[in-house]
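Participant: sequence and computational prediction follow.
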Amino acid sequence: MKTLLILLLLLPALVLAQTTQPATNPYPFTPAQDSAFVRDNYQKFEFMVPMRDGTKLFTQVYAPKDQTVKHPIIMQRTPYSCQPYGTDRIRRRVGPNPFMLRDNYIIVYQDVRGRWASEGTFVEMTPHIDTKKGTTDHDEASDTYDTIDWLLKNIPANNGSVGQWGISYPGFFTSAGTISEHPALKASSPQAPMANLWRDDAFHNGAFMIAANFSFYPFFQEHKQPTKQNPPLLFDINDPDGYHFYLNMGPTANSESQYYKGRNKYYYENFEHPDYDEHWKKRNILPHLKGIKHAVMVVGGWYDEQDLFGTFNTYKAIEKQNPGIQNIFVVGPWVHGGWAGPSGQLLADQDFGSKTSPYYQENIEAKFFKHYLFNETTPITLPEATLFETGTNRWRSFDTYPPKGTVQKQLYLGGNGKLSFTPSVTGAGFSEFPSDPAHPVPFSSKINDGFSADYMVEDQRFASARPDVLTFQTDTLANDLTLAGPILAQLTVSTTGTDADWVVKVIDVYPSDAPQNPLKKDVIYGDYQQLIRSEIIRGRYRTNISKPEPFTPNQPTQVAVELQDVLHTFKKGHRVMVQIQSSCFPWSDRNPQTFVPIFSAKESDYKKATHRVYHGKPGISFIKIGVLSE
């Protein structure tokens, strides 16, 4: 959890662009040439833009020096700072990507309310107000509206068209801006947008994302007044082994009492609201994404370690609640913000065969904004969904998402570790495994800080060798098998304790004679177990996410685990594997396995338990998948 890793979390696109530059530049100009172009062709201005309630937001404008023609405006609103501050200090690159730089947009950055140089009070995931009764009622949609209105009236040589984009938290502000209802807003691109903190960044189905949260909030602190200075970290962590660090930390409660000690209200809000209560419901932007009149393009990565839920569900909410608008969906083989970087070809042990990020930037993102903001009259040729199919490493276009032709099927867990499309009729009625909070299953086999995107494609052989991980797999596939869309695990389980977490992983098992990749000569792909998708649920929320309830020891009960979407082909000769476990540490905090409030649990509350997964009487367990035919 070094400062660099915190910055990776906060500013993924910027840092990736600076730290993963490949040997060959995939762009028509070098970064140095782009930087020189900005300095030669743009002039920077800084303003305090008034909102309807009188609060002023710090806003930077990079305007083309050429005022003989009119230019569209494209803006990003951020809680992570508009740095560098000062009209004489220029960003090395402005706008969403290098392919758009020479189109000469008016590019705007704004510190959102209560952050950095802006006035006001910051509220995490600002609740949206559907009906505003006066100027004192404000939210991110109204702040977007007021900002656009001011820009149109005060920035010369604009053509009256405005677009917006943002990744991660700025993606949330972009989503909120789509419902601002300003008529000049013509194109929005929420990218990896935060949508519901209880389902993505803070919690996953009630399980606290301890490594991500703990390493984020030392940097993300409350600003009592406008500032242009980085606050000092609340603390720094010098242990490179996240598994070791968080295990030695002890109960989850210690993460606050021994480190934050009330110094960060945003971190503590998680402790005050472990259930999906009104606090989180008010911060869920998805039900409010309606009444949108302009074009939207939602972008995300299959291996986004932070906002998978936000990506898929933002697209689905906009599609469902705004029939008839242009709503484009793009997903590639990227980590969080990876599409803004210069490659997108490699992740951990995986090679996707091409530089997918520049392809997206030039052929999708640049075309999307240019069409709508320069008011082009020819129809845009972008399909509804442009998705990168992993396994075969190819881009595919679809008229709908999930793709038409997807057939729902069920993969049944069976005795002796069998996984098949037909229910098991032989073997034991259950498989069981021990679970010890003192020795949780690591989320990764590698030494890391506890928050790494690599785990999303990592070889799972380290986990299948453990006695506290159940493994089920199909026979060798006789033909290619392409999974598309969401995955749902429907389990019948029991535990000797009164609470338990359930982790489900879908894995692509390579054949023993799988060939080596010349770009990854140190990786043995024979029998490799590539993670395709995984998810966790805190069992106390299996019935009602707002009202936790204990398990009755040894009583079979159903637990549904909703995994996020995929588009992946298991090739002929491969196998499909499912692993089930009860910890994934320190990606998620540990469950005491006793029905106690976890944020105040003591070490003595953490107990060993034995868990069962049933695949015969008294119940079956299966994975519901979408199978796509060519």
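Facilitator: Yep, that arrived. Numbering: from 1, shown residues only.

Participant: when you work out contacts or count neighbours from here on, use the C-alpha atoms and nothing else.
Facilitator: Will do.

Participant: contacts only, for the residue of the chain positioned farthest from its centre.
Facilitator: No residue in the chain sits farther from the centre than residue 68, which is 41.4 Å out by CA atoms, centre = their mean. Residue 68 makes contact with residue 157, according to CA atoms under 8 Å, 6 or more residues apart in numbering.

Participant: one more: the one 4 residues further on?
Facilitator: Residues near residue 72 by CA under 8 Å, 6+ apart: 105-106, 158-163, 373-374.

Participant: which SS state does it fall under?
Facilitator: strand (DSSP: H, G, I helix; E, B strand; the rest coil).

Participant: can you give me the helices in the stretch 251-400 of the chain?
Facilitator: Assigned by DSSP state H, counting those that start in this stretch, the stretch 251-400 of the chain shows helices spanning 253-255, 265-272, 278-281, 308-321, 356-360, 366-373.

Participant: and the ones you listed: which comes nearest residue 401?
Facilitator: Minimum separation from residue 401 across the helices of the stretch 251-400 of the chain (CA to CA) falls at helix 308-321, 8.5 Å.

Participant: who are the packing partners of the closest one?
Facilitator: Judged by 3 or more CA pairs under 8 Å, 6 or more residues apart in numbering; DSSP states H and E, helix 308-321 is in contact with strand 295-301, strand 327-332, strand 557-570.

Participant: returning to that earlier point: narrow the contacts of residue 72 to those in helices?
Facilitator: residue 373 (DSSP state H).

Participant: got the contacts of residue 72 as CSV, with distance to residue 572 and neighbour count columns?
Facilitator: Output for the contacts of residue 72, formatted as CSV (distance: CA to CA, whole Å; neighbours: other CA atoms under 10 Å):
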residue, distance to residue 572, neighbour count
105, 48, 26
106, 50, 26
158, 55, 20
159, 54, 17
160, 53, 20
161, 50, 20
162, 48, 28
163, 44, 28
373, 45, 22
374, 47, 19
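
Participant: between the contacts of residue 72, which is nearest residue 628?
Facilitator: Nearest to residue 628 among the contacts of residue 72, with distances taken as CA to CA, is residue 163, at 34.7 Å.

Participant: residues touching the closest one, list them.
Facilitator: By CA under 8 Å, 6+ apart, residue 163 lies in contact with 72-75, 185-188, 369, 373.

Participant: looking at the sheet around it, what are its partners?
Facilitator: residue 74, residue 187 (DSSP bridges).

Participant: what's the neighbour count on the closest residue to residue 570 other than its chain neighbours?
Facilitator: Take residue 570 and drop its neighbours on the chain: the residue closest to it by CA to CA, 6 or more residues apart in numbering is residue 481, 5.1 Å away. Counted by other CA atoms under 10 Å, the residues lying close to residue 481 total 19.

Participant: wouldn't residue 481 be in contact with residue 575 here?
Facilitator: No: if you go by CA atoms under 8 Å, residue 481 and residue 575 don't touch, sitting 9.6 Å apart.

Participant: check the gap between residue 330 and residue 192 for me.
Facilitator: Going from residue 330 to residue 192 by CA to CA, to the nearest Å gives 11 Å.

Participant: so what sits against both of those two?
Facilitator: Common contacts of residue 330 and residue 192, defined by CA under 8 Å, 6+ apart, comprise 298-300.

Participant: ranking the residues you listed by neighbours, who comes first?
Facilitator: Result: residue 300 is most packed of the shared contacts of residue 330 and residue 192 (other CA under 10 Å), 30 neighbours.

Participant: hmm, who's touching the helix or strand containing residue 145?
Facilitator: Assigned by DSSP states H and E, residue 145 belongs to helix 140-154. Defining contact as CA under 8 Å, 6+ apart, one finds that helix 140-154 is touched by 49-52, 126, 128, 158, 160, 162, 173, 176-182, 184-185.

Participant: now with 7 Å?
Facilitator: Residues from elsewhere that reach helix 140-154 (CA atoms under 7 Å, 6 or more residues apart in numbering): 49, 51-52, 126, 158, 160, 173, 176-177, 179-180, 182.
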